[in-house]
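# Need the 3D shape of this:
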Amino acid sequence: MSGDGPGKLESLIADISAFDRAECLNRWREVFGRPPPKHLSPQFMKRVLIWETQNETLGGVSIKTTRRLNQIASGKSHPAATKPGSHLIREWNGRTYQVEVVEGGYVMDGKTWPSLSAIARHITGARWSGPRFFGVQ
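Model prediction:
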């Protein structure tokens, strides 16, 4: 399908967008070789099927990007992320927070904090694992 061009892709997307639940289930089995997890809405299945169609037609994400996404999803991060001089960035409730890793702590908004967990608690008002909140190991 990779050489079919943009018109063909638009047509495939339009077809999938018009699927009813039964058509979504059938296409899911064709694409993934198994039925979808229970309780997926047709709208969600359509999004996944369209994404798969786009990847197949246009080419998927690079191996490097896939590896990094899997690393992030598993809660692992590059070890250098917590070395002095590193910067951690986290968006929370529409605000972006930047933390600099310094020897013996972390600096955010000009204040030094003893741990990422203390910063996460300050930001959210709840107890969080700081490394998990900032996506580092």
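# need the helix or strand of this structure with the lowest average pLDDT.
helix 63-73 (a mean of 76; mean pLDDT, DSSP states H and E).
# That one: how far from the chain's middle?
Relative to its chain's centre, helix 63-73 lies at 9 Å (Cα atoms, centre = their mean, to the nearest Å).
# CA atoms of that helix as PDB?
In PDB, the C-alpha atoms belonging to helix 63-73 read as follows (Å, rounded to 0.1, in the frame of the first residue of the first chain):
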ATOM      1  CA  ILE A  63      13.200   2.600  15.300                       C
ATOM      2  CA  LYS A  64      15.000   5.200  17.500                       C
ATOM      3  CA  THR A  65      11.700   6.900  18.200                       C
ATOM      4  CA  THR A  66       9.900   3.600  18.900                       C
ATOM      5  CA  ARG A  67      12.600   2.600  21.300                       C
ATOM      6  CA  ARG A  68      12.400   6.000  23.100                       C
ATOM      7  CA  LEU A  69       8.600   5.900  23.400                       C
ATOM      8  CA  ASN A  70       8.800   2.300  24.800                       C
ATOM      9  CA  GLN A  71      11.400   3.600  27.300                       C
ATOM     10  CA  ILE A  72       9.200   6.400  28.400                       C
ATOM     11  CA  ALA A  73       6.100   4.200  28.600                       C
END
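# for it, which positions count as buried?
Buried residues in helix 63-73, counted by 16 or more other Cβ atoms under 10 Å: none are found. (C-beta placed from N, C-alpha, C; glycine too.)
# continuing past it, what's the next helix or strand?
Later in the chain than helix 63-73, the nearest helix or strand by DSSP states H and E is strand 87-92.
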